[in-house]
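Q: have a look; sequence and predicted model below, questions after that.
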There are 2 protein chains.
Amino acid sequence: MEYTFSKLMGQAKSSAVREILKLTQGNSVISFAGGLPAEELFPLEPIRDAYARVFTKGKGVLQYNLTEGFTPLRAKIAERMAKKGMKVTPDEMILTTGSQQSIDLIARVYLDEGDTVLVENPTYLAALQVFQSRGVQVLAVESDEEGMITEDLKAKIAEHKPKMVYVVPTFSNPTGRVWSVERRLGALATCKAANVLILEDDPYGAVQFDGSETYPTIFSLDDHPHGSAVVYTSTFSKTVAPALRTGWVIGDPQVIRMLARAKQSADLHSSATDQQALYELLAGSFSLDEHIELISRNYEERMRFMAGLLRAPEFSGLRFIEPKGGMFIWVELPEGMNSEELMKLAVARGVAFVPGSSFYAGTPRLNTLRMNYTHTDRDTTVLGMERLKAALAELTVTQQG
Amino acid sequence: MEYTFSKLMGQAKSSAVREILKLTQGNSVISFAGGLPAEELFPLEPIRDAYARVFTKGKGVLQYNLTEGFTPLRAKIAERMAKKGMKVTPDEMILTTGSQQSIDLIARVYLDEGDTVLVENPTYLAALQVFQSRGVQVLAVESDEEGMITEDLKAKIAEHKPKMVYVVPTFSNPTGRVWSVERRLGALATCKAANVLILEDDPYGAVQFDGSETYPTIFSLDDHPHGSAVVYTSTFSKTVAPALRTGWVIGDPQVIRMLARAKQSADLHSSATDQQALYELLAGSFSLDEHIELISRNYEERMRFMAGLLRAPEFSGLRFIEPKGGMFIWVELPEGMNSEELMKLAVARGVAFVPGSSFYAGTPRLNTLRMNYTHTDRDTTVLGMERLKAALAELTVTQQG
């Protein structure tokens, strides 16, 4: 039989990162590619105990649950959101299978084929995939170290009439950047005035190195969720563990109701065992805030360690800025160097990263790459960086030869 | 801010069943509406022990997993499929968040707006929702007690050039019907000849009352999965528990690869804790086959009990056939009676079911309704049926008055 796949999926490319993860699984390639949290820090015992408590509640815990998700967990998340200046009720929230599903569901309910979405440049590649798989036009807004440039956002909105702007304003993937408050306010005012929805994706916001600085979410800068121009999503994947695949979306009840309809079609509801275990975890003696502090201190050390190695003479042509949080260092090779070429040489020598080209909606800057510092231990990181030096030296020779 | 939802979602209706579930949650309405398994039968202790075993394997169990799902669980499911005559490798399988997600992902990779899908009449309403949310035209093929009528399938394929046929051939939702082998072979030959994909949805096949009969899956009647005209999906929701939200799809590796790409965008992967716990459950001393026998015997008793009540003189105008498996009895009221009218009177008296109209792709038969017999205990079933008698009497009086 000849299969005739849908037009949109026929065009879709598999995620470069996922393909690299596959390539490196079970062999000796050291990977700075994935966005994998440090396994050593997973709170295994508290999680194990949380599941055990769930199963003391009787057989009802194994039944179908609400599409919107386990209500007591929504209430717990609402408490946490309130501490960040986001006052929402459980009715203004839906639980998802990680923030990837949040992005996908919002795209379903808000975007039609041919619509336009604006994004930062560069931006999260799996969000680009979602938009492309819906036949949506994705355009990049000029961005710098402070975030999306408000004037360009205004100009692009006027020219292209987008329905949505997708942003990762705090410790972005891939650049690790933090938007200034001014740019946050600029984007909010601009989008509100033009009736454009902002999707604020915040998977990394909690993983912050300098606790004295505060970065208000764009959602918190807007009025009450009723009629808010912002839909906000976050996840427990980076703060608790990815295997539990639990994220959430908050926003206007109208938007949440539409997301619930879309989720009915998509999968009825996400894992109710995981949601109940997360509730038990948050309701018990485990302190998620203390755990997040632990992760943040540890990731800062790892980041500084990798940044130190990147300052070696062999990397002298490279440019990067130490991120203030999150999981990635964004590196620029000397102009004219191609990180995809470097990747091939690197994988042959047993080390992987993600070439930057995957993260661009428009013309990619081919000399960029993303390095993850949260998954490898010190010895492995040193070894990986040595391999990377060798690959870079080889590329330099090739280009000069 | 004014929200402008996507055209397709703007049209989508919420599931009637889910809305009724919401209505009846936490109050005294007895529900024969949902498709909820009997909680008393959930294997709570073996499941609890399975999760406990997962957490003895170290912190790696909490990391991100493959989009295709936990490989050892895929291998275990492949063993179970082989016993049903479906010989597949783990590469010919992807795990999903229940069979609802299987349907949604297959629709994503195979259907474009404006395509046509053929279905049984009546059919699973949440599949109708998936197709409608993609802007797909859904047409009903004439069906009787033996399944889809091959001649009408041929005619509809010739006339409408569908890309896919969606079927629930074993203990269908809503009718409880089982297709004859002849009709299965007829649909397979017809679809293969016309290059039309068959999506075989089999959530209930394992819940069979008369173990001496065998109903081969359409997938098993086709050649090896390579180039198969059939994509098959099933789930642990009815045999283990719904909260774990774990289903699977088997088919040609090309199809599975496309589903994996779609799933990357949709949610990266489903709960890895649930998948690992299911693997431990199947690998341990718990016998899923014995448990399925227990469920099947229990559900047969419940079905016979409800069928007995439906034979009361007050229900003398009703017609139904005792199903040979699954979770539902399909009931026809006397011609001219409207089950949506009955539903309003019934809910007012504290009992709910699903009016049949939701299950039709074409013109609905308004005198039909679906009754679930697996969730209420005997006393509650008796009380619910008494309320239903009263509602029916009231409707009869209203119509005569």
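A: Arrived safely. Because the structure is predicted, anything quoted here is derived from the model rather than measured.
Q: distance of the spatially most central residue of chain A from chain B?
A: If you average the C-alpha coordinates of chain A and look for the closest C-alpha using CA atoms, centre = their mean, you land on A:Pro203, 5.0 Å from that point. The gap separating A:Pro203 from chain B is 12 Å, by CB to the nearest CB, to the nearest Å. In this view, the C-beta of every residue, glycine as well, is placed from N, C-alpha and C.
Q: residue contacts, that residue?
A: A:99, A:168, A:173, A:233-235, A:237-238, A:247 (CB atoms under 8 Å, 6 or more residues apart in numbering or on different chains).
Q: then A:Asp223?
A: A:Asp223 sits in contact with no residue, where contact means CB under 8 Å, 6+ apart.
Q: could you look up the SS state of it?
A: Assigned with DSSP: H, G, I helix; E, B strand; the rest coil, A:Asp223 falls in the coil class.
Q: tell me the pLDDT of it.
A: On pLDDT, A:Asp223 comes in at 79.
Q: for the closest residue to A:Leu342 other than its chain neighbours, grab the count of nearby residues.
A: On the basis of CB to CB, 6 or more residues apart in numbering or on different chains, the spatially nearest residue to A:Leu342 that is not a chain neighbour turns out to be A:Leu395, at 5.1 Å. Burial of A:Leu395, expressed as a neighbour count using other CB atoms under 10 Å in any protein chain shown, amounts to 20.
Q: and A:Leu395, how far from B:Lys59?
A: For A:Leu395, the distance to B:Lys59 equals 36 Å [CB to CB, to the nearest Å].
Q: do the same with A:Pro43
A: As for A:Pro43, its distance to B:Lys59 is 9 Å (criterion: CB to CB).
Q: which residues of the stretch 1-150 of chain A fall in strands?
A: Counting by DSSP state E, counting those that start in this stretch, the stretch 1-150 of chain A forms strands over residues A:30-31, A:93-96, A:116-119, A:137-140, A:143-144, A:147-148, given from the N-terminal end onward.
Q: as a markdown table, those with mean neighbour count and mean pLDDT would be great.
A: Supplementary listing: those in a markdown table, determined by neighbours: other CB atoms under 10 Å in any protein chain shown; pLDDT from 0 to 100:
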| stretch | mean neighbour count | mean pLDDT |
| --- | --- | --- |
| strand A:30-31 | 23 | 93 |
| strand A:93-96 | 28 | 98 |
| strand A:116-119 | 26 | 98 |
| strand A:137-140 | 18 | 97 |
| strand A:143-144 | 16 | 94 |
| strand A:147-148 | 26 | 96 |
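Q: out of those strands, which gets nearest to chain B?
A: The closest of the strands of the stretch 1-150 of chain A to chain B is strand A:93-96. By CB to the nearest CB, the value is 7.6 Å.
Q: got the CA positions of that closest one in PDB?
A: What follows is strand A:93-96, C-alpha atoms only, in PDB (Å, rounded to 0.1, in the frame of the first residue of the first chain):
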ATOM      1  CA  MET A  93      -5.500  26.900  34.400                       C
ATOM      2  CA  ILE A  94      -5.200  23.700  32.500                       C
ATOM      3  CA  LEU A  95      -2.600  21.000  33.100                       C
ATOM      4  CA  THR A  96      -0.800  19.600  30.100                       C
END
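Q: which secondary structure elements does that strand contact?
A: If you count contacts as 3 or more CB pairs under 8 Å, 6 or more residues apart in numbering or on different chains; DSSP states H and E, strand A:93-96 packs onto helix A:71-83, helix A:98-110, strand A:247-250, helix A:253-267.
Q: looking at those, which is nearest to A:Gln400?
A: helix A:98-110 (41.7 Å; CB to CB).
Q: got the angle between the closest one and helix A:253-267?
A: In terms of direction (axes from the mean of the first three to the mean of the last three CA atoms, to 10 degrees), helix A:98-110 departs from helix A:253-267 by 110 degrees.
Q: tell me the mean pLDDT for helix A:98-110?
A: Helix A:98-110 shows a mean pLDDT of 97.
Q: could you report the neighbour count for A:Pro46?
A: For A:Pro46, the count of nearby residues is 18 (other CB under 10 Å).
Q: wait, it touches A:Glu280, no?
A: No: no contact is recorded between A:Pro46 and A:Glu280 when judged using CB atoms under 8 Å, the distance being 9.3 Å.
Q: end-to-end on stretch A:143-158?
A: 17 Å (CA to CA, to the nearest Å).
Q: over to stretch A:220-234?
A: 14 Å.
Q: can you check stretch A:359-366 too?
A: End-to-end distance for stretch A:359-366, by CA to CA: 10 Å.
Q: and chain A, what are its domain boundaries?
A: Using automatic domain parsing, the domain parsing of chain A gives A:7-42+A:289-400, A:44-283.
Q: weakest of the ones you listed by average pLDDT?
A: The bottom spot among those, by mean pLDDT, belongs to domain A:7-42+A:289-400, with a mean of 91.
Q: quick one: the strands in the stretch 251-400 of chain A?
A: In the stretch 251-400 of chain A, the segments counted as strands under DSSP E, counting those that start in this stretch are A:319-320, A:328-332, A:351-352, A:354-355, A:368-372.
Q: now look at the fourth one and say if it contacts chain B.
A: Right, strand A:354-355. No: applying CB under 8 Å from any CB of the partner chain, one finds strand A:354-355 separated from chain B by no less than 14.6 Å.
Q: pull up the pairing partners for that strand, direction included.
A: strand A:368-372 (antiparallel) (DSSP bridges).
Q: and the strand it pairs with, how far out from the chain's middle?
A: Relative to the centre of its chain, strand A:368-372 is centred 14 Å away, using CA atoms, centre = their mean, to the nearest Å.
Q: do the same with stretch A:75-90
A: Using CA atoms, centre = their mean, we find the averaged C-alpha position of stretch A:75-90 to lie 20 Å away from the chain's own average C-alpha position.
Q: same thing with stretch A:201-213?
A: Its chain's C-alpha centre lies 12 Å from the corresponding centre of stretch A:201-213 when counted by CA atoms, centre = their mean.
Q: grab the nearest non-local neighbour of the residue of the stretch 301-401 of chain A found nearest chain B.
A: At 9.0 Å from chain B, A:His375 is the closest residue in the stretch 301-401 of chain A, using CB to the nearest CB. Taking CB to CB, 6+ apart as the measure, A:His375 lies nearest to A:Leu36, with 4.2 Å between them; neighbours along the chain are not counted.
Q: which ones are touching the one you found?
A: A:242, A:372, A:374-375, B:63-64.
Q: nearest to A:Phe359 among those?
A: Set against A:Phe359, the nearest of the contacts of A:Leu36 by CB to CB is A:Asn372 (13.3 Å).
Q: against chain B, how distant is the closest residue to that closest one other than its chain neighbours?
A: Among residues not flanking A:Asn372 along the chain, A:Phe32 sits closest, at 5.0 Å (CB to CB, 6+ apart). Distance of A:Phe32 to chain B, computed by CB to the nearest CB: 15 Å.
Q: A:Phe32 is in contact with A:Tyr373, isn't it?
A: Yes: with contact defined as CB under 8 Å, A:Phe32 reaches A:Tyr373; the gap is 7.3 Å.
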